[in-house]
Each structure stands twice: as C-alpha cells, then as structure tokens.
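J.: Any chance you could fold what I've pasted below:
(2 chains)
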Amino acid sequence: MSAVLEFVGVSKWYGAVLGLRDVSLQINPGITGLLGPNGAGKSTLLKCMTGEVQPSRGEVRMFGRRVPAPEVFRKLGYAPEIEVFFEELTGREFVAHLAEISGFGRDEADRRAAAVLQRVGLESAMNRRVSTYSKGMRQRTKLAQAILHEPEVVLLDEPMTGLDPLGRAQMVALIQSIGAEGRTVIVSSHILDEVEVMTREIVVLYQGQLLAQGDLHAIRGLIDRHPHHLALRTPKPRELAAALANEAFVVALRFDGDDKLMVETRDPDRCYSAVPRIAKELGLPLLSLTSPDDNLGAVFRYLTMGARGGAA
Amino acid sequence: MSAALSIARVSILRAVRRPSSWWLSALAFLPAALGGWLGATGYDALSVPAPLLVYVAAPLLVVPWVAGVLGEAFERRTVIYWFVRPMARPTALLGEWLGAAAAVGTVLLLGGAMLAVANALTGNAAISSLARLPLAMLAEAVALAGFSVGVATLAPKHPVSVAIGALAVTEVALPSLWGPLQVVSLSRQVLILAGVDASPLLHSLVGEAPSSSVGIALLVMALFVAIPLGLAVRTVIDRDL
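T.: Numbering: from 1, shown residues only, chains lettered A, B, ... in the order given. You can find the predicted model right below:
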C-alpha cells in the first residue's frame, strides 16, 4: 500500500537560497510532527504539498497523484502560517465562502461553516468580522477552514503560534481529535514540546535537509554516535559511580547534588539493565532511574548538533 | 463557474464594507457635478467633464479598487485560501474580475448617467447621449477592471503604480507622440462609444484623433483586457506564491 504523502528527491531553491535539499520521505495516516528551527524548510515542505511552490527538482505525490491537482485538493485541508484573512468578512462568511469554492451549495456551505466554527469553539464569535479576531481566534478560524470539507489530509503550519497555554491545550485537543478520525495530520512547529504532546511520529528538518523521520524512540536509536544520558538517584552516588566506571558502556559520569548521578552511555539498553543489578550488588537503594533524553528537545538537540558537526 | 461567482460575490461584499470604496466612488460623481455647474452657467456640460470622467476619474477609481486589493491578496498570500481548493487558479482571477466589474461598473454607470442627465437638463443633450455615456462608462469599468486584475497578478508588489504607469503610456504618452497611436487609448475608445467629441483641451493634450468606429473601439477594448489578463492567467498557473 502506497503512502498518503510521498516526497521523492525534492529540492527547492529560491534563487541562490536553498529551501529543501533532496528530501525523500513518506507520510502515513495519523498525526506527524514536522519539526525544525525557523528557516529549516518546514513551510517550504508544506507549500510543496499544497502546490504553493513547485519543487525545483523531484516530485510530491498525494494518494499517488502528483501535486498540485484538483482531485488532490478535494482531499486536502491546509491552514497556512499567515494570520490574515479577507478581513471585511465575518468568520462565518469567510469559512462559508471557502466551502462554496470547495464545491458545496450556498446553504450547505453555510451549514458546514457554522458547524465547523462551533467545533473549534468560535460559536459566539462567528458572526463578527475577522478583523476583530484575536490571534487565537484566527488560529481557530484557519483550522476551521482547513477541515470544513472533511479532508483526508490536513496540513497545519505552526498552528500554536500566538496561543496562550489554555488555547494551546484546546488546539492540541482539536488536532488530536482530527487525527483520531483517521485523517493524516501534519503539524509543523519549531517548539518541540508542542508536538511531543500530540504525537511520537516526527519528521525533523534542518537547513533544508531531512534529518530524521520516524518514531521518537526509533530516531533515538539512530543517533548512536551521541551519548545518551541517564539520571540516577541514590543516597551514595559516589560508590555507585566507582562501580560504573569499570563498565565499558559508560562514557562519562557526573555528580549533580548529593544524591544524583548523571551517566553518559553509548548503549542505553545495557545501561538500563546493568545499573539496577550493580546497585543491588552494592546494597545501594536506587531511588530513581530516568532519562532526561526521553523528550523531543533532547533528540532535536542531538540531531541538529550532528548536522552542524557534519557540515563543519 | 460557481466558484468564480462565489469569489465575485465576496469581492463585491468586501468592497461595499471597505470605507475606501465609498471615497473612491465619489470620484465618479465629481464630473457630473462639474457638468451640472457648467451647464447651468451656459457652458457645454460634456466637453470637459466627460473626458475628465473617462480619462481621470475612472482610472483613479478602478485601479486602486481592483489592482490595489488583488495585489495585496497576492502579497499577503490570502489567495492561498482559494488556491488550495479544487478549482483552477485562473478561476480566482475570473471571479475577481466579475466582482470588480460589477461593483465599479455600477458606480461608473451611475456617474455616467448623472453626467448625461446633467447635460440633458441644461439643454445641450442629444437624446442618444443619455444612454450611450452610461453604457460606455460601464464598458470602461469592465475593461479597466480586467486590466487591473491582470496587472495586479503580474506585478503584485506595486500594482497601482504599474497600472497607472501603463495607463499613462497608453492614454497620454503614445497618443501625444503620434496621432494614429490614439487607437491604443482605452479612454479614446470609450469617448467614441459614448459619442462624445473630445474637447479642445483634450486635443491640446493628446492631439487630434483619427476617425474611428464603434467596432474598432470594442476590439481595442477587448485587446486592452485580453493582453494583461492572458499573461496573468499564464503566470498564475505556474507561479510560486
């Protein structure tokens, strides 16, 4: 079965500036986080999916069809990163207008607009002009127009920008509910925590290059040349450190306070199994064993450090 | 086609709600006021106000209204909301043209009608001018709207200045260079359709006009729209946003 979205050797230059470099990837149903710092090429990647920009080389396929094509647009919803609309219209008029362009009759378009604006929590503001909307309301309006025609693929470019913590939580819940409907949702962000709460399936871009793709843990497995960190809490960390120093899988040891030992290892699996055993042999209670690496922030740091190092 | 009509309807709605549309619309009625005053004081109510309406007021009304707004839509990328829908991109241009033509056409039709009425009331009117002038203004509105949509698509960064510059060339520079080049002037064709003789003031600006027919006038107007709009359609299909 072919992927919903497929990039085949896609490169994009804006004059002399590189937007994407030879990106090949496949995206399947569910929520995928598109990660990278500002300027990494996330928006260019999304724009290639919408036909907003044409790749300089390679091609993008959606459901096996080359983008852009009208048939593809029937199955695609897109919330761009821009925060402007047709400011003279009300939210309901704006969304209903786009529903009409998507092929619905006027009555059906208006009904859908009202329903989808209600779903994103804008029922009380839908009859106000969008020029009066806050940033959060604009993000919701963008999401509403992206899903009004129940597309199979939803592309969301930085949907959390400008939202307060409550707004973020609500937006995450909305995106998760869209993903739970079996749609393919791609969410771009440069803030790792945002994506982490939505999905573990990520695509990492850096300087126009695909750095990594897959499950967060699978990606961690790829970065074996970077040491992993484990944090141990025990009443006598120096005794435990002395024992661990003889183990080949340990790269470095560092004390952090009176009861905390940080271990750097190139073989986290062996480390996870060996540390409790050694602590038991020494008669030391192990109060906790955690990995501060187990979040996207650490993975992203490793990956981008690798890219910088490779480029240097 | 329903997508184009929806875009046209929204274009009209947005224009009605923009305060600038109302200020610009006032331009269409100034020549009528001038014509009424000239007629009341015993002068020809058409010879100066009609060219003023055709050459000055109409472009100053239509170009910012249409080219300014569409250029901004390209620059701010709000067109993307249309372009990721299941319709061909040129449909958006067609819709914008239809909506703009309807809106500015109504304003210029009324402006032309008021000038014709002012002329009739002051006793100088041929009865045919009562209908011809407003219809000619409607035709100018349609042509200028299409021209402006084309220019805004081709030069979205500075659509108004590019459109005004292009009009300065076709309406003033070329005709004043050589009389027969008046054939490229949209305004000249509108005056022919309206059945209004260019005033001596106009002759001193752009020279004597060669004789022309309504058929040629319509053909020139069609080309005036077709060339920029055709280029715009080609551009918008392939262009990155």
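J.: any idea of the mean pLDDT in stretch A:177-191?
T.: Per-residue pLDDT values across stretch A:177-191 average out to 91.
J.: what about it, start to end distance?
T.: 21 Å (C-alpha to C-alpha, to the nearest Å).
J.: does any bit of that stretch sit next to chain B?
T.: No. If you take C-beta under 8 Å from any C-beta of the partner chain as the test, stretch A:177-191 misses chain B, and the best it gets is 13.7 Å. In this view, the C-beta of every residue, glycine as well, is placed from N, C-alpha and C.
J.: who touches that stretch?
T.: A:4-5, A:27-38, A:40, A:42-43, A:45-46, A:49, A:81, A:147, A:151-160, A:175, A:194-195, A:198-199 (C-beta atoms under 8 Å, 6 or more residues apart in numbering or on different chains).
J.: rerun at 6 Å
T.: A:4, A:29-34, A:37-38, A:42, A:152-158, A:195 (C-beta atoms under 6 Å, 6 or more residues apart in numbering or on different chains).
J.: repeat for stretch B:25-43
T.: So stretch B:25-43 is contacted by B:45, B:49, B:52-53, B:57, B:60-61, B:107-108, B:111, B:114-115, B:118-119, B:122 (C-beta under 6 Å, 6+ apart).
J.: Check stretch A:80-96 too.
T.: With C-beta under 6 Å, 6+ apart as the criterion, stretch A:80-96 contacts A:109-110, A:113, A:117, A:122, A:126-131, A:138, A:141, A:144-145, A:148, A:157-158, B:14, B:17, B:76-78, B:80.
J.: those helices in the chain, which residues are they?
T.: Went with chain A since none was named. In chain A, the helices defined using DSSP state H lie at A:42-50, A:70-74, A:91-101, A:106-119, A:135-147, A:165-180, A:192-196, A:216-222, A:237-244, A:268-282, A:296-311.
J.: To clarify, I was referring to chain B.
T.: Using DSSP H, the helices of chain B run over B:2-17, B:19-40, B:49-51, B:58-62, B:69-75, B:80-83, B:89-121, B:129-154, B:159-168, B:174-177, B:186-194, B:200-206, B:214-238.
J.: Can you say which of the ones you listed is packed in most?
T.: Greatest average neighbour count among the helices of chain B goes to helix B:49-51 (a mean of 28), per mean count of other C-beta atoms under 10 Å in any protein chain shown.
J.: what is the rounded mean pLDDT of it?
T.: pLDDT averaged over helix B:49-51 gives 88.
J.: just checking, what packs against that helix?
T.: helix B:19-40 (3 or more C-beta pairs under 6 Å, 6 or more residues apart in numbering or on different chains; DSSP states H and E).
J.: any weak-confidence spans in chain B?
T.: Within chain B, the ranges that satisfy pLDDT under 70 run B:123-129, B:197-212.
J.: hmm, try it at 80
T.: Scanning chain B for pLDDT under 80 picks out B:1, B:122-130, B:179, B:196-213, B:238-241.
J.: How about the stretch 151-300 of chain A?
T.: For the stretch 151-300 of chain A, the ranges with pLDDT under 80 are A:191-193, A:216-228, A:266, A:268-269, A:290-300.
J.: residue contacts, the residue of it found nearest chain B?
T.: With C-beta to the nearest C-beta, the shortest gap between the stretch 151-300 of chain A and chain B falls at A:L155, namely 8.7 Å. Counting by C-beta under 6 Å, 6+ apart, A:L155 touches A:46, A:49, A:78, A:186.
J.: swap in B:T122?
T.: Contacts of B:T122 (C-beta under 6 Å, 6+ apart): B:39, B:45.
J.: Kindly recompute the last result at 7 Å.
T.: With contact set as C-beta atoms under 7 Å, 6 or more residues apart in numbering or on different chains, B:T122 has these partners: B:39-40, B:45.
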